[in-house]
Structure formats: C-alpha cells, structure tokens
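K.L.:
need a structure here:
(2 chains)
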Amino acid sequence: MERIPILKLHDLLLVTIQVDMHDRLAMTLQDDLMHQIRRTRARGVLIDISALDLVDSFIGRLIGEIASMARVMDAETVLVGMQPAVAITLVELGLSLGGVRTALNVERGMQLLREGSPEEEASGHASIDH
Amino acid sequence: MSVQSLPLAGVAATIIKEHGDELLDEWMASLAEVADLAQAGPKARPDAAEFLRLLVAGLAESAQIDLQGTEWRAMREFLVELSNRQAEWGFSPVDTAEFLMALKRPLASLMQRVGGSDGRWLESWQQVNQVIDRWALYTMEVVQANREATIRRQQQEMLELSTPVIQLWDGITAVPLIGTLDSERTQTVMESLLTSIVENHAEIAIIDITGVPTVDTLVAQHLLKTVAAARLMGAECIISGVRPTIAQTIVHLGIDIGSVATKASLADALKLAFRRRGCKVESCNQ
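P.N.:
As a prediction, the model looks like this:
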C-alpha cells in the first residue's frame, strides 16, 4: 500500500507530501505519524506541503486534526511551504487552521521549532480566528 | 435585428440617384434648422453625399433591411468612422442620429414631387424611411459600444493599478490598498500578495489601508481572509494606516479583528516588522 515517508531528524519528524493526497492516504499518514511520534518521542513535526497544489475540505480538516493530535502528544506541528492557491482555497472553505503554526519553507520551520516552546504572542504567530 | 423585405426600395433608390444634388442641398438646408447641427454646415456635406451614395448602393443591392448583410458592409464602416469623427467634433450621439434623420423630410417632399404620378412613392418612401431610422440607431449603438469598451478598459486598468505589491526590505513586503475593497479586488490583492510572499520569501506582509475610504463588516472580512491566507503560507500580516474614523467604525460595528497586529501608520508597521526580523535602524549622527 502507498505510504507517505516520515523522516526522523534528531528530535523532529519531517513529512514531505509529494503525491496527490487522497483521503485514504491522508488517514494512513495520520495513523503513521502518531505512532512515529510515540516511538521516536519527537518534539516537533514538520509537514512540507510545497508540492501540494490541490486541497479539499477533508484534507484541510485532517491537517488541522494532525496538529491538534500531535499537540496532545506534546509535539509541535509546523506546516511549511503552502502554495498561494491552496491558502486561498482553505480560507474560502473557512478552514484557517487557527491552531497550526506555519512557515515559508522547511528551513524557517525548523528554526521555529528549534526556538522551542511556542511563545505565540511574542513571536507574532498568533492564531487568527474569525 | 430582424430582416424585413423592402420590395419597393428600388423606386426610391432611383429617385435619389437621379436627383442626388438637389436632395443634398435640401438636406443641408434642413440641417440649418436644427440648432445643434447648424454649426456642422459645410463640414457635413461630404459625409452627407457619401451617405446618400452608400444608401443608393445598398438599396440597389439589397431588398431587405439586414444591417449585418454583406451589401451594407461599406455603410457600416462609413458610419462607424462618421460617429467617431462627429464625437470628436463634440457632437452627442443624438446629434449624429438627428443628422441622418434630417434627410427624411426633404426626401419625402422630393419623392412626392418627382414620383407623385407613380402611386407607389408613399410606400417606397416608408420603406426607405425605415432603413434611415435603423442606420440612425446604428450610429447610437456605435458610440455606446465605444464608451462601454473604454469603461471596461479603464476598470481593468484600475484593478491592476490599484494593487501593487512593494518589497520594502528582505523578507518584508507591503500592499498599499487604495479604494473600496470588493470581492473581486480582494481576490486580486490576495493573489498578488501571496505570489509576492513566495517570490520574495517574505515573512512579514504589511497591508496598508490608508487609501481605503471606509471599512465595513464586508471589507473587514475580506481583509481578515487575506491575513488568514498569508498566515497559512507562513507569513504574518500587519495592517497599517488605520485612521481614527476607521478605528471608530470597526469598534462600533463590533468587528473582531482578532489578534492581527494593527498600526496607525506605515512607519510604525515597518518599525514593528524590523523588530520582528531582528533588524535595527540607528541614526549615524552621534
């Protein structure tokens, strides 16, 4: 069965989505990721979606869920490299992923996680709800 | 436009052809009676002669009112040129139409005088009359189509002109918004802002609303959408240029702008952006 690889980098997990996300694949990723967080005791998760140019409401919601689940397991999730078209779609769908932190690219995302605990107010990456 | 047959138009065409100069003189004379057209005077004579020539040619070839027909192509081209030229002279579209319609009365008296013995003259005149009316309306249509094209072009230009994205510093971009934000403009602004975030690796985007006259719930919602989309891409937004009246409206309307950073001026926003990027601006003079 098709799977999205999860790479371990020190205490971080790196997921690069390079194929079209279909619902089944996304569910598998969610499962795998949670198991990996537990096994590797990762403190942060980087999800690189720069190659993703299409999302639907299900995938959008699932990404939000992954972040929430990871937080419960004490790992911070950063979503990196979202394409403009994807961002517009998610906003139009009403999914502004308030609880997920974001960064421009993997480098910045990693820096964000290294900086440690999410001092959201200080760093300005506050959640936006409306 | 409907196609209508003109079985007797040929009669009128022959009369116009034979008494062309006479008719032209009378047409010019009747123009002088219409106040707005009097000034056209001698300038209009060549145009009038050309119209008569094309009318005769068209009527001779066509037994139908079908303005889109190939036999009327020369007439269409002439009228497009005429309407545009007269518009440049400062004539209103109505003036151009009246100019053509002024032909009707002299034509009627001419046909009655010359073709009076032929019982078909009245019917023939009525049919030519219809043709002239159609062409007069056509000149209005031409002017209107021109204006609409101009308006559309200007709208498009305004849309492009009003949404520039400026790179202020490494990793800092700004969009000065000018004019009212509607859904279509929000879309354009959002797209150009997000594209520039990718291109310039911008981590901070400043949206300056100094030029936005009013902020109502809808505009605020559009702004927040843009901010949310930028955040999803990993850039944070600062809204600057919040004027006192806008601040009052926002609070009175009960709009929740959440935790978006807002600043009164672009300078303040830039200062905040520098601080977040870890940059420092110092004066050189000690």
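
K.L.:
Tell me how many other residues crowd the residue of chain A found nearest chain B.
P.N.:
With CB to the nearest CB, the shortest gap between chain A and chain B falls at residue A:84, namely 3.4 Å. For every residue, glycine as well, the C-beta is placed using N, CA and C. Residue A:84 is flanked by 21 other residues according to other CB atoms under 10 Å in any protein chain shown.

K.L.:
And for the one 10 residues further on?
P.N.:
Residue A:94 sits with 11 neighbouring residues when counted by other CB under 10 Å.

K.L.:
Tell me, what's the model's pLDDT at the closest residue to residue B:45 other than its chain neighbours?
P.N.:
Nearest residue to residue B:45 in three dimensions, chain neighbours excluded: residue B:28, at 6.0 Å (CB to CB, 6 or more residues apart in numbering or on different chains). On pLDDT, residue B:28 comes in at 81.

K.L.:
List the backbone torsions phi and psi for residue B:28.
P.N.:
phi -60, psi -40 (degrees, to the nearest 10).

K.L.:
Also residue B:174?
P.N.:
Here is the backbone geometry of residue B:174 (degrees, to the nearest 10): phi -140, psi 140.

K.L.:
Can you pull the phi/psi pair for residue 93?
P.N.:
Looking at chain A here, since you left the chain open. Listed backbone geometry of residue A:93 is phi -80, psi -10, with angles given as degrees, to the nearest 10.

K.L.:
confidence score at it?
P.N.:
Per-residue confidence (pLDDT) for residue A:93: 90.

K.L.:
Which positions in chain B make contact with chain A?
P.N.:
By CB under 8 Å from any CB of the partner chain, the residues of chain B that approach chain A are B:190-191, B:194-195, B:197-198, B:201-203, B:221, B:224-225, B:227-236, B:256-261, B:276.

K.L.:
what ranges do the strands span in the chain?
P.N.:
Since no chain was named, I'll use chain A. A:6-9, A:12-16, A:44-48, A:76-80, A:101-103 (DSSP state E).

K.L.:
wrong chain, I was asking about chain B
P.N.:
Under DSSP E, chain B gives strands at B:4-5, B:64-65, B:166-169, B:172-178, B:204-211, B:236-240, B:261-262.

K.L.:
Select from those strands the stretch with the lowest mean pLDDT.
P.N.:
With a mean of 61, strand B:4-5 has the lowest mean pLDDT of the strands of chain B.

K.L.:
my guess is residue B:229 meets residue A:91, correct?
P.N.:
Yes: with contact defined as CB atoms under 8 Å, residue B:229 reaches residue A:91; the gap is 4.5 Å.

K.L.:
who's more crowded, these two?
P.N.:
More crowded of residue B:229 and residue A:91, by other CB under 10 Å: residue B:229, with 28 against 24.
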